[in-house]
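>>> Need a 3D model of the sequence below.
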Amino acid sequence: LAEPSLTAAKVGEHFQFLRMGYFCLDPDSTATKLIFNRAVTLKDMWAKEMKK
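Presented below is the predicted three-dimensional model:
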């Protein structure tokens, strides 16, 4: 499930997916099959707090 505006994404553009990390569009993506590769994860401070 993704925001409809992502269908206009171009290779090389970067996006932050809510609470997941930063992603970039894969060159193998098509208009009907979007593929995003994670470039950077986000810190999960909640998981760290739960371990205490």
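>>> Please, where are all the helices along the protein?
Using DSSP state H, the helices of the chain run over 45-51.
>>> residue ranges with poor pLDDT in it?
For the chain, the stretches with pLDDT under 70 are 1, 46-49.
>>> wait, what's in contact with Pro27?
Val11 (CB atoms under 8 Å, 6 or more residues apart in numbering). All C-beta spots, glycine's among them, are computed from the backbone N, C-alpha and C.
>>> quick one: it and Glu3, what's the gap?
Distance of Pro27 to Glu3, given as CB to CB, to the nearest Å: 21 Å.
>>> Over to Val11?
Distance from Val11 to Glu3, counting by CB to CB: 18 Å.
>>> Distance check, Lys52 against Glu3.
35 Å.
>>> cool, and Asp44?
Relative to Glu3, Asp44 is positioned 23 Å away (CB to CB).
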